[in-house]
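Trainee: sequence isn't available, so here's the structure alone:
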């Protein structure tokens, strides 16, 4: 993968509203609204080990994500981020989220603390996705 467009990288760094697309067992796509993090050049998601999205990514690691600008409605830009997911557990998972926090973005300390505990317990994992293709989109209104 070549170097990321600076505008796309800036949106990835601040964007938390993400739709993660995985493939079902029959090959059809499905979408999962998520809170995402862009850390160390990879898009990461905290997820329960038994969640459908986690099982889908383990079976077929090909993913596509749509990273939107903000929470209060989409901004004028978005990033399409394609790549293969790998599952991280325990300390590797906590480190992949940056700062050891299992939840980033607009969540309370209690939620973050519970998610961190569940990472240590093995109930939660991190899906870490290296970019194969990243494209900045300009969204049109109406």
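Mentor: Good, I have the coordinates. For clarity, every value in this text was computed on a predicted model and none was experimentally measured.
Trainee: what segments of the protein are strands?
Mentor: 17-23, 29-35, 37-39, 42-48, 62-68, 77-88, 124-129, 133-138 (DSSP state E).
Trainee: now those in TSV, with mean neighbour count, mean pLDDT and distance to residue 116?
Mentor: Bear in mind the C-beta positions are built from the backbone N, C-alpha and C, glycine included. Below are these laid out as TSV (neighbours: other CB atoms under 10 Å; pLDDT from 0 to 100; distance: least, CB to CB, whole Å):
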stretch	mean neighbour count	mean pLDDT	distance to residue 116
strand 17-23	20	96	20
strand 29-35	14	96	14
strand 37-39	23	90	14
strand 42-48	22	94	9
strand 62-68	21	96	23
strand 77-88	20	95	14
strand 124-129	25	95	9
strand 133-138	14	92	29
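Trainee: out of these, nearest to residue 8?
Mentor: strand 133-138 (4.2 Å; CB to CB).
Trainee: any idea how far the closest one is from the chain center?
Mentor: How far strand 133-138 lies from its chain's middle: 16 Å, per CA atoms, centre = their mean, to the nearest Å.
Trainee: show me what that strand packs onto, helices and strands only.
Mentor: When contacts are defined as 3 or more CB pairs under 8 Å, 6 or more residues apart in numbering; DSSP states H and E, strand 133-138 packs onto helix 6-14, strand 77-88.
Trainee: now with 10 Å, please.
Mentor: Identification of packing neighbours for strand 133-138 by 3 or more CB pairs under 10 Å, 6 or more residues apart in numbering; DSSP states H and E yields helix 6-14, strand 62-68, strand 77-88.
Trainee: so which elements touch the shortest one?
Mentor: Spelled out, it's strand 62-68. Helices and strands touching strand 62-68, by 3+ CB pairs under 10 Å, 6+ apart, are helix 6-14, strand 17-23, strand 29-35, strand 42-48, helix 52-59, strand 77-88, strand 124-129, strand 133-138.
Trainee: do you know which of these lies nearest residue 117?
Mentor: Per CB to CB, nearest to residue 117 of the helices and strands packed on strand 62-68: strand 124-129, 8.8 Å.
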